[in-house]
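Peer 1: test case, fold it:
(chains A and B)
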Amino acid sequence: MSKVIEVKNLVKDYENFRALKGISFEVEEGEIFGLIGPNAAGKTTTLRIIATLIQPTNGEAKVFNYNVVKDPEKVREKISYLPEEAGAYKNLSGKEYLDFIARFYAKDKNEIKEILTRGLELAKLGEKITNKVSTYSKGMTRRLLIARALMAKPKLAILDEPTSGLDVIISREIREIIKNFAQQGTTVLLSSHNMLEVEFLCDRIALIDKGEIKEIGTPEQLKEEYNAKNIEDVFIKAVK
Amino acid sequence: MNNFFNIFKKEIKELLTKQMLLSLAFMVMLFGLMGSFINNAKEQAQDQLLEPTRLAVLNLDNSAYSKEILTKLTKNNIEIVEIKEENIEKAIEESQLKESMSLLVIPKGFEDGIKKFQGSEIEIYSIVKDLGLKESTSFASISSIISYLNQEINKDFIKSAFEEKEPENIINPIKTKEFVVVKDKIAPGNPATLQSLSMANSTIIPILLMLSIMYAGTMIITSMGLEKENKTLETLLTLPVKRESIILGKMAGAIVVALLMAVVYIGGFNYYMSSFTPPIEGGTNLMQTLGLVMTSFDYLLLGISLFLTILVALSICMILGMFSQDIKSAQGMQFPIILLVMIPYFLLTFQSLETMPMGLKIFLYLIPFSHPFIASKVLIFNNYSIVIAGIIYLIIFAALTMYLAIRLFNTDKVLTAKASFGKLKFRKTKNDRS
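Peer 2: Numbering: from 1, shown residues only, chains lettered A, B, ... in the order given. All right, here's what the predicted structure looks like:
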């Protein structure tokens, strides 16, 4: 399997605060890779660097062998990023929003239609898809955004806390969608502080705390290594 | 190009909200109504001028001369209502009953006073019930009645003294014929008429310019504020689209919406203003004779100057918008732009460029937003060098500010820059740390 993401000694400083202290990891094609850690651990900063939103202070990050600093446009062609606190344009309807995004990925009208159809299926908003986004609940908006992130079948989906703040039913639906897409060939890099979610979804995980990666491995490997019942216990033992 | 149009279309949809369209429609309606009210009041006042003015007169003199004077008034579209009551309060009541808004009291000894060159004091009681346009026209006509009476009395005196002379030539011995000279062109007329005729250049065009620039800035800052408030910017920046296309798409959307707003506003304003200023007969000919007409080439230069200024405003506002956190903070950041647009607008409204001190002139030239205002003032006088120099300055300024906006948009400052307590800082957000 080829490497989709290669991160080497990544450092990110904000004024006097070092958010990342030289982290390294790799993600293989077709994997669901999870970054797990508490708040302010450096998860979002890592995802933002890989998504070409911010630049590292030091180190290197590559996506499909394209450097995120030198070739950001090439990287953007391969990825789809869902920020944790993302929103959609409130004055557009859900359908208009999906159509707007589909046009950036499609090469012709048929492809726009194809991507849009997939987006509508993923969003599962029924007739409400023609309502303005401003009328949507948090769960509906998140479903729309997940649909937006996955409908173009990106080579790499970067999802920051994909189920954050959602109820159990919608969270489970979203996890199923992510898993299905990974099975169809999309590599997924996600962040979460929901250990159960990560255990259910991820092929491999990296435990991150205070800007450092403490451990990397499959959930099973890590549980065995730390003699823990679940990933939550692994994490607590790893950061001690 | 497709990505540009996609963003452009989205911007229009986002900026042209129902609320904005409603407020535009309301503004047009408001101007239309105000214009109609004023036109209506003016028409009524004009109709009133055609109708004979009813004037109550208490003639305490009752002499042949005072009667003769009053007869002259009746020939001048004035209907005299004779009042019998000699008590003033009762006379006023009677005047009101007889629907006259004014009462003229000719005192005893009026004829004697006039004929002995001692003068005489006529009392005028104006019955005020309202202070509207219609009423003020009626009161103004009383003053003209008195002027008319004085003129007639003067003519009587002159005729009796110089039987063969034309009284008009003695009262106003100096006759005038005015001409206006603009460069090498001369035309009959006066500067006041010229000023009224050039109202479009002196009032409407500067307001249109000011609104276009300010609205464009507002639109782009609002757009950036919306992106940040709705948390859509991060997604937009990770889409497979060049940052230049995002900036240009946003700018194009802002220009279109701003121009639409400015044109609608100015259309309403123009209608409202036209209700105050009636068309001047032969005005177009006067302007044409003097060469004071904007040609298509002039409009092209003005258009280029305005377009470049809007680009500068958009680029600066785009940069300021990057420091916003939401619409509220974004709108607060427009202040420096509004100030820089208002300064040339007011300076050039109240002072001409020619008479301005050199220091002030240089200050004006340095403000990029001054140039379309200057162009609107000087193009009519075919002063092209100053306009073309302004356009060159604007091209350089626009290129620099656009380059800076694109550079900043290509860095993480677009996400991490924030304004705090009026100062612009680059700060980390809660998300940046996680």
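Peer 1: would you list the phi and psi of A:I213?
Peer 2: phi -90, psi 120 (degrees, to the nearest 10).
Peer 1: give the contact list for the residue nearest to the spatial centre of chain A.
Peer 2: Nearest residue to the geometric centre of chain A (Cα atoms, centre = their mean): A:L159, 1.5 Å. Contacts for A:L159 (Cβ atoms under 8 Å, 6 or more residues apart in numbering or on different chains) come out as A:Y81, A:L82, A:I146, A:A149, A:I178, A:V188, A:L189, A:L190, A:S191. Placement of C-beta: from N, CA and C, glycine included.
Peer 1: as a markdown table, the residues you listed with neighbour count, pLDDT and distance to B:G32 would be great.
Peer 2: Shown next, in a markdown table, are these (neighbours: other Cβ atoms under 10 Å in any protein chain shown; pLDDT from 0 to 100; distance: Cβ to Cβ, whole Å):
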| residue | neighbour count | pLDDT | distance to B:G32 |
| --- | --- | --- | --- |
| A:Y81 | 25 | 95 | 49 |
| A:L82 | 23 | 94 | 49 |
| A:I146 | 25 | 92 | 49 |
| A:A149 | 29 | 93 | 48 |
| A:I178 | 24 | 92 | 56 |
| A:V188 | 26 | 95 | 58 |
| A:L189 | 28 | 96 | 58 |
| A:L190 | 25 | 94 | 57 |
| A:S191 | 26 | 93 | 57 |
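Peer 1: so which of those residues is the closest to chain B?
Peer 2: Checking these against chain B by Cβ to the nearest Cβ gives A:Y81 as the nearest, at 4.0 Å.
Peer 1: and that closest one, that one's in a strand?
Peer 2: Yes. Assessed by DSSP: H, G, I helix; E, B strand; the rest coil, A:Y81 belongs to a strand.
Peer 1: show me the contacts for it.
Peer 2: By Cβ under 8 Å, 6+ apart, the neighbours of A:Y81 are A:L47, A:A51, A:L53, A:A149, A:A157, A:I158, A:L159, A:D160, B:E234, B:T235, B:T238.
Peer 1: which stretches of chain A aren't confidently modelled?
Peer 2: A:1 (pLDDT under 70).
Peer 1: can you give me the strands in it?
Peer 2: A:3-14, A:17-28, A:32-36, A:58-63, A:66-67, A:79-82, A:156-160, A:187-192, A:204-209, A:212-217 (DSSP state E).
Peer 1: of all those strands, which lies closest to B:P344?
Peer 2: Proximity to B:P344 (Cβ to Cβ) singles out strand A:3-14 among the strands of chain A, at 40.4 Å.
Peer 1: direction included, what does the closest one pair up with?
Peer 2: Here strand A:3-14 has these sheet partners by DSSP bridges: strand A:17-28 (antiparallel), strand A:58-63 (antiparallel).
Peer 1: would CSV of those with mean neighbour count be doable?
Peer 2: CSV is the format used below for the strands paired with strand A:3-14 (neighbours: other Cβ atoms under 10 Å in any protein chain shown):
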stretch, mean neighbour count
strand A:17-28, 18
strand A:58-63, 20
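Peer 1: and residue 53, what does it touch?
Peer 2: Going with chain A. A:Y81, B:E234, B:L237, B:T238, B:D412, B:L415.
Peer 1: not what I meant, chain B
Peer 2: Neighbours of B:T53 in contact, by Cβ under 8 Å, 6+ apart: B:N77, B:I78, B:E79, B:S138, B:S141, B:I145.
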